[in-house]
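**Student:** From the sequence below, what's the structure:
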Amino acid sequence: MKNLINLVAVMTLSFFGCKAQTNQTPIKAEDISPLLIGETLPKATLQDADGKTIELETILKLKPTVLVFYRGGWCPYCNMQLSGLVKIEQEILDLGFQIVAISPDDFQNLKNTEEKDSIKYSLYSDKDGKFIKDIGIAFETPTMVKGYITTKGQKGKTSDVIPVPTVMVVDKEGKILFEYINPNYKERLSSEMLLAVLKTIKI
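**Tutor:** Below is the predicted model:
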């Protein structure tokens, strides 16, 4: 476990340097300042596919969580990642973890993503991207991306921020045990690596 986590920690630091407190949302994905392994997630209020609000701590206290932050249901790379998690969901459950995926998509788009990717695990909307800002993985939605989103028939308001695609493993108190953050949205954590990490984490 330590070797895997140290490897990801080194990768994260090489991408982003040391975490710095800032109130300004970065313009580029490479400029984010994410929370790091060992830190605890802040409180957050999310929306489910019906628009009902739920507190993050209520979700996390159920069991240790594989927390996936994706750009939106409009992103083909995100859909491939979400579909890949479907294929290994039972293995993740058997290891004692749950899967939770969060995006700044308007909640009205969540059911479409669930149906498109045959998802049974939970998807939530981070309205206005407040949570992804608080944990330091948000950057301004590029104008070209906003234009692309509009062509996909997304419902509701397009978020002014999107996350750098991120996978975190957190305990029931929200402490970060592992993370993979890559500013290159085309590169995602493989299912094999995720399962290898989960098998080494004692819960």
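**Student:** contacts, neighbours, all on C-alpha from now
**Tutor:** Noted.
**Student:** shaky segments in this structure?
**Tutor:** The model of the chain has pLDDT under 70 over residues 1-23.
**Student:** Could you find the residue nearest the spatial middle of it?
**Tutor:** With distances taken as Cα atoms, centre = their mean, residue 69 lies nearest the centre of the chain, 1.3 Å away.
**Student:** Just list whatever residues bridge to that residue.
**Tutor:** Legend: beta-bridge partners of residue 69 under DSSP bridges are residue 102, residue 166.
**Student:** Can you give me the separation between it and residue 113?
**Tutor:** 14 Å (Cα to Cα, to the nearest Å).
**Student:** Between the two, which contacts overlap?
**Tutor:** Common contacts of residue 69 and residue 113 (Cα atoms under 8 Å, 6 or more residues apart in numbering): none found.
**Student:** so what's the residue nearest to the centre of the chain up against?
**Tutor:** Residues in contact with residue 69, defined by Cα under 8 Å, 6+ apart, are 101-103, 163-167.
**Student:** Swap in 6 Å and give it another go.
**Tutor:** Contacts for residue 69 (Cα atoms under 6 Å, 6 or more residues apart in numbering) come out as 101-103, 165-166.
**Student:** Equivalent analysis for residue 122, please.
**Tutor:** Shown in contact with residue 122 (Cα under 6 Å, 6+ apart): residue 100.
**Student:** quick one, phi psi at it?
**Tutor:** Dihedral pair for residue 122: phi -90, psi 130, per degrees, to the nearest 10.
**Student:** One more: the one 10 residues further on?
**Tutor:** Dihedral angles phi and psi of residue 132 (degrees, to the nearest 10) take the values phi -70, psi -30.
**Student:** Numbering from 15 from now on, please.
**Tutor:** With the count now opening at 15, the last piece we talked about shows up as residue 146.
**Student:** just the helices in the chain please.
**Tutor:** 16-30, 70-74, 90-108, 124-130, 144-148, 157-164, 205-214 (DSSP state H).
**Student:** most packed of those?
**Tutor:** Most buried of those, by mean neighbour count (mean count of other Cα atoms under 10 Å): helix 144-148, with a mean of 20.
**Student:** who does that one touch, helix- and strand-wise?
**Tutor:** With contacts defined as 3 or more Cα pairs under 6 Å, 6 or more residues apart in numbering; DSSP states H and E, helix 144-148 has no helix or strand neighbours.
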